[in-house]
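Novice: The sequence isn't on hand, but the structure is:
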């Protein structure tokens, strides 16, 4: 057997490798992968490209190199914005990550009471548009602020307000990342530290911090990106303190100067892209840190530490509740601050800017459609990228596109959508100004995180399902519908939930592309605040929050009740 | 098998190679598998056995070479157009479907009428000895039961070829031993051509009609379990299958070697020329201590080293008096008791010439 | 584009479905796209009255601040979306006229319109609707708390006592802001006007996006004085705000809200109907509910909280000059006051 060993090398090279014939499933899956790739090219790559090329063009479309950038930097007020953006984002990031770390430490490493409640409270900011904390801060610290004295005469309008608002809004994002990092640490390291008689302080600095370092770095970059690209908080409370995100809005919406908007957008893209790269690297390392045999850490009661962290966490949770509560009270007061009798006067949105109740229903429809179509596209897309046999180059490219969206700030994406879809020469021009473009844009904006959720879930199921199905001559879509989808149902619902809540609260991408009949609730908050109807703006923000919160509650009941029963097979 | 009638092979593999970049996972493999035969691919991890199975199933098509199944060229066909049932180490049962739905999965998709599906599922579950479990979910069954369901599912469409990819590795020792017999029994009843990939020599030896031992992407030897164990074709096979003494020496004649001072005769002639360096292989259990009165071939006077009680036998190291030859030997408990063998004693042993295998040096494995 | 007329959920769903799955253009009665800077609380009655008088025409409002609507119209010059511009400052309409974007049209009943309130050409490119004028909103609770005297004139506002107490609209985005700046430059001269604004800037706490916001902020006590316009002042006071409304004695900055048809209007017949309606007594009666002076003379206004004869207090306003110099004024303003460091307060 196998005794012939002398094959001439050049002859061996000359033989072309065999190619497998493509079956029906292969054709369909490859076609679908290509379709998904085209979809992502149209909804992410081309708008981004349109933005890039616009920043190098004059009004008439001719190429002018860096002239627009020169013009931008020549205006000292605009160039100041870069510096403003950077230091405000850095400060917000440091404060937010520190607070989130302490809070996460309390949740994962202590036995303080009421941890479940602290977990729930910490998620509140995610359910509201970023404009809500800013509005609340005006009510708290503005010239008529309830606790204005706490600022010792400083003005809330400007960096102080921006930092406070951003910390509130980004807190849950940092918390999720750091909690995960702390939760996966290996208890055996602590046992070893204890056996070596390391002091708690030494253990903290040599075990806890290094163990959580990738999570911390990741949180720093995520928060920094969120802050520097957020536009809601500085718009409401920034006063005359200009930052990049408000500049881009002023240039585009205020002065209809799209080229300058493209320039600012490009500048905004840089930190976001950097953060994206760093985050990817960190996550890879964090995975490596988690050995399969790690033993989960089980905190032991320690009266001093538990009490100290209970105090700090209570303070943070209290601050979150106050910020939410203030908007609530302002929204039901008849005429803040002079007539505090409760009324629903501020909920009569139809007499105000922003599109009235119609905006709210538009938002519901938009969020519903985003959740529906987004989940379908993203989950099916992740399945195809993961499970299509061979076809590596194309799958890799599609995977890259799916993650690319994460590096694109909402404002930049929205602006790219104007350039790309509002071009009369674009055959897709007809969706401009419709609900469809809002849905598509929002799906693209939140694509990456959902895609990663789906991929993680798909990686957890047996790799051989598809092989078995093929050997039983069952078409792949049947296995997808009958097995993959039901098994991944929790992840699918997570994605739908994530898309719904974000679609309800997002402002940044859609603010450039809504039309008169597709105004949205979160944008109505912005417009009402702009027109000075601050209490109705707070009221609309509360309506958005309530919707997201109720949806979330229903979702939790569903997953714990019905879903638990429908997924009987998970139990032994 | 010796008694196999000379028919056309069911599976004919010719000149099969698989390259992953610069790495050669399969190197010009030729193999014939007869209808109804149970063949195991045996070897250490990375030897190419799984790659060969994946080429046969179409999961990873080979770089060059052809595969014919039942006369049909399936070399480049996609998985769904080939004809096999497959069972994985992980079972790969669909967790959200009942046992019945798992087994019926391929049948339903093929559009089989409901009553027929029910009948067939019942039949299959009886075949694998699980008639009572149809309504349960996989997670409610033990590992061994799940593997039997996977087997039933693979057999549902009556495939021409059954592929078993490390089917028993995830099970504990007792269940594994029982399932070996059951699978073999089932295979023989159905006369189903079966290929099993395994790294467990015991599994391969007990279940197979023939074993294909592989190493570094090549086939080292194809043979019945008896041939593989008793007459390993290469030093690698000798080392990989069972325990073996590797004794280094030089040829004195074509049928005799001097091994560290001891002169040993062997059954077959070795055409390497006088003075060639050779390795003489000897299984510890082939060392004879009983009834050696009249034997004179390869008779050695040896000193017994430390006696290790293994459970059903003793293992020890023997030192041949007047030489520098040491080798291990297994003695049955009876022999030890009857002959009063004990550590430090000097006894007479015979190394039967027919049981010695001789290979040219250098050999890759070390004893 | 598929557009909706009624503001209910079902309609929204239908329009999305249609938009997502087909290319159908509206086959219904005319959908008239109207760009406007009218206040959100004004456009409802106007739309209702017009659509009642002209069944089969639906108004689709695109509403924003004066500056933004103006910039949007200019930016879309190559591919205009609007059919009609209604309730936009005359200075802005004159800008569009200069760009050749408007269609000359003499609406029925043009002869009755006050001659001062229209484009003088026989087929005018724009026709005025009403006049809106600047006014202060002064929070009485806060000013008594802080012991502030009530300002009576533009000059008063530069007194150091008001430092950090005043909000005014950004003239780049707000028509109300622009008409103030334009008035100061005409009243005090180019240099005098900028000198005045330099002084005023020291007292300004915030420049707002919209012309209504300063008054609303004054009403909420966020700032004591809000420079705004009389409609918003009247309306805010009516809503229960503790404010007094001051008309500065040097004279009021003002502008006209006017209507013009885009040359490129796709629904030009419906557009003409809207222009006709805008000059009717019915429409003017609706304007009069909001403003003191409307295009048709002799229609009484009903602004209960505005004391004083607005008509007499209006400055002599050279719209042509204002329209001509709009870009220059805004650039200078932006250079001086925009994006500067925080006010010291």
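Specialist: Received, thanks. Quick caveat: nothing in here was measured; it's all calculated off a predicted structure. Numbers count the residues shown, from 1 in each chain, chains lettered A, B, ... in the order given.
Novice: Show the contacting residues for the residue nearest to residue A:354 when sequence neighbours are not counted.
Specialist: When the adjacent residues along the chain are set aside, residue A:354 lies closest to residue A:524, with 3.0 Å between them (C-beta to C-beta, 6 or more residues apart in numbering or on different chains). Every residue, glycine included, has its C-beta placed from N, CA and C. When contacts are counted by C-beta atoms under 8 Å, 6 or more residues apart in numbering or on different chains, residue A:524 touches A:349, A:353-356, A:359-360, A:537, A:540.
Novice: Repeat that for residue B:310.
Specialist: Counted by C-beta under 8 Å, 6+ apart, residue B:310 has contacts residue B:330.
Novice: pLDDT at it, what is it?
Specialist: We have a pLDDT of 86 for residue B:310.
Novice: how close does residue C:35 get to chain A?
Specialist: 9 Å (C-beta to the nearest C-beta, to the nearest Å).
Novice: go on, residue B:309?
Specialist: Taking C-beta to the nearest C-beta, one finds residue B:309 at 34 Å from chain A.
Novice: Tell me what that residue is bridged to.
Specialist: residue B:314 (DSSP bridges).
Novice: What segments of chain C are strands?
Specialist: Per DSSP state E, chain C carries strands over the ranges C:30-36, C:57-63, C:84-89, C:102-103, C:127-139, C:166-169, C:204-208, C:225-229, C:243-246, C:254-262, C:293-294.
Novice: Tell me where the model's unsure across chain B.
Specialist: B:1-6, B:295, B:362-367 (pLDDT under 70).
Novice: In it, where's the longest helix?
Specialist: Counting residues, the longest helix in chain B under DSSP state H turns out to be helix B:173-190.
Novice: How far away from the center of its chain is that helix?
Specialist: 15 Å (C-alpha atoms, centre = their mean, to the nearest Å).
Novice: for that helix, packing partners?
Specialist: When contacts are defined as 3 or more C-beta pairs under 8 Å, 6 or more residues apart in numbering or on different chains; DSSP states H and E, helix B:173-190 packs onto strand B:38-42, helix B:143-155, helix B:201-207.
Novice: relative to helix B:173-190, how tilted is the second one?
Specialist: The reference is to helix B:143-155. Helix B:143-155 and helix B:173-190 meet at an angle of 20 degrees, taking axes from the mean of the first three to the mean of the last three C-alpha atoms, to 10 degrees as the criterion.
Novice: Return the list of strands paired to the helix or strand following helix B:143-155, each annotated with direction.
Specialist: Where DSSP states H and E defines the elements, the next helix or strand beyond helix B:143-155 is strand B:161-165. Within its sheet, strand B:161-165 is paired with strand B:85-88 (parallel), strand B:193-198 (parallel), according to DSSP bridges.
Novice: you'd agree residue C:44 is up against residue A:351?
Specialist: Yes - when contacts are counted by C-beta atoms under 8 Å, residue C:44 is listed as touching residue A:351 (7.4 Å).
Novice: ok, which stretches of the stretch 351-500 of chain A are helices?
Specialist: Along the stretch 351-500 of chain A, counting by DSSP state H, counting those that start in this stretch, helices occupy A:356-387, A:392-404, A:410-421, A:435-445, A:447-460, A:465-471, A:476-479, A:485-487, A:489-505.
Novice: Any stretches of chain C with poor pLDDT?
Specialist: Using pLDDT under 70, chain C drops low at C:1-29, C:339-345.
Novice: what's residue C:241 sitting at in phi/psi?
Specialist: phi -80, psi 140 (degrees, to the nearest 10).
Novice: wait, what's in contact with the nearest residue in space to residue A:446 that is not next to it in sequence?
Specialist: In space, and not counting its chain neighbours, residue A:446 is closest to residue A:502: 5.1 Å by C-beta to C-beta, 6+ apart. By C-beta under 8 Å, 6+ apart, residue A:502 lies in contact with A:442, A:445-446.
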